[in-house]
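Engineer: Predicted structure and sequence below. I'll ask about it afterward.
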Amino acid sequence: SIDLEKIGFTPRVLKTEGRPSFDTKVFLKIYLYGYLNGIRSSRRLEKECLRNIELQWLLEAICPNYHSIADFRKDNPKALKQLFKLFVSFLKDAELIAGETIAIDGTKSRAHNSKKANYNQKKIDKHLEYIETKTQEYLSALAQNDAQETSTTLTNIQQK
């Protein structure tokens, strides 16, 4: 029910020649599955599409190659971030999370609240910035893994 073009995903244009392109929803399912299972490589995601029955069911037996999976991520990095933010706002609208600032002291003993255990708005803002940085690092790690896999393939071909 999400309008993917409004979020920033580039629409796929059907060409007169060749095979039709995959739907954006297919790639979103693959990347969300990969994120949940700790898979950061486009080649490993492609292998999972072929190997894992759960992912085959989710994708309705569609299996894009690793290059298509990597290109989707390269073409839509801002849209992926926007989708994550939209998901959090959906949770707030559905009242599954409140979205309020709450500080909790995690210690069990009374009257012992260290600076690490005490949260204020400044610390929460720093933590949100940390989460944003980690999201960017995750997307960068995906790009780096794809670059490493591509470079090793090319060097092996040149050696042979």
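Structural biologist: Right, received. Where do you want to start?
Engineer: what bits of the protein have low per-residue confidence?
Structural biologist: Applying pLDDT under 70 to the chain flags residues 14-15, 101-115, 150-160.
Engineer: Next, the buried residues of whichever helix in it runs longest.
Structural biologist: Assignment by DSSP state H gives helix 121-159 as the longest helix of the chain. Within helix 121-159, the residues that qualify as buried are 139, 142, 145-146, 149, counting by 16 or more other C-beta atoms under 10 Å. C-beta: built from backbone N, CA, C; applies to glycine.
Engineer: likewise stretch 28-46?
Structural biologist: Applying 16+ other C-beta under 10 Å to stretch 28-46 flags 28-31, 33-34, 39-46 as buried.
Engineer: I'd like those residues laid out as JSON lines, including distance to Glu17 and secondary structure.
Structural biologist: Conversion of the buried residues of stretch 28-46 to JSON lines gives the following (distance: C-beta to C-beta, whole Å; DSSP: H, G, I helix; E, B strand; the rest coil):
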{"residue": "Leu28", "distance to Glu17": "26", "secondary structure": "helix"}
{"residue": "Lys29", "distance to Glu17": "27", "secondary structure": "helix"}
{"residue": "Ile30", "distance to Glu17": "25", "secondary structure": "helix"}
{"residue": "Tyr31", "distance to Glu17": "28", "secondary structure": "helix"}
{"residue": "Tyr33", "distance to Glu17": "31", "secondary structure": "helix"}
{"residue": "Gly34", "distance to Glu17": "30", "secondary structure": "helix"}
{"residue": "Ile39", "distance to Glu17": "32", "secondary structure": "coil"}
{"residue": "Arg40", "distance to Glu17": "33", "secondary structure": "coil"}
{"residue": "Ser41", "distance to Glu17": "30", "secondary structure": "coil"}
{"residue": "Ser42", "distance to Glu17": "24", "secondary structure": "helix"}
{"residue": "Arg43", "distance to Glu17": "26", "secondary structure": "helix"}
{"residue": "Arg44", "distance to Glu17": "30", "secondary structure": "helix"}
{"residue": "Leu45", "distance to Glu17": "27", "secondary structure": "helix"}
{"residue": "Glu46", "distance to Glu17": "24", "secondary structure": "helix"}
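Engineer: Among those, which one lies nearest to Leu55?
Structural biologist: Tyr33 (5.6 Å; C-beta to C-beta).
Engineer: wait, the closest one sits on Leu58?
Structural biologist: Yes. The criterion here is C-beta atoms under 8 Å, and Tyr33 meets it with Leu58 at 6.7 Å.
Engineer: still on that earlier bit, tell me the one of the buried residues of helix 121-159 nearest Lys74?
Structural biologist: Nearest member of those to Lys74, counting by C-beta to C-beta, is Asp146, at 8.2 Å.
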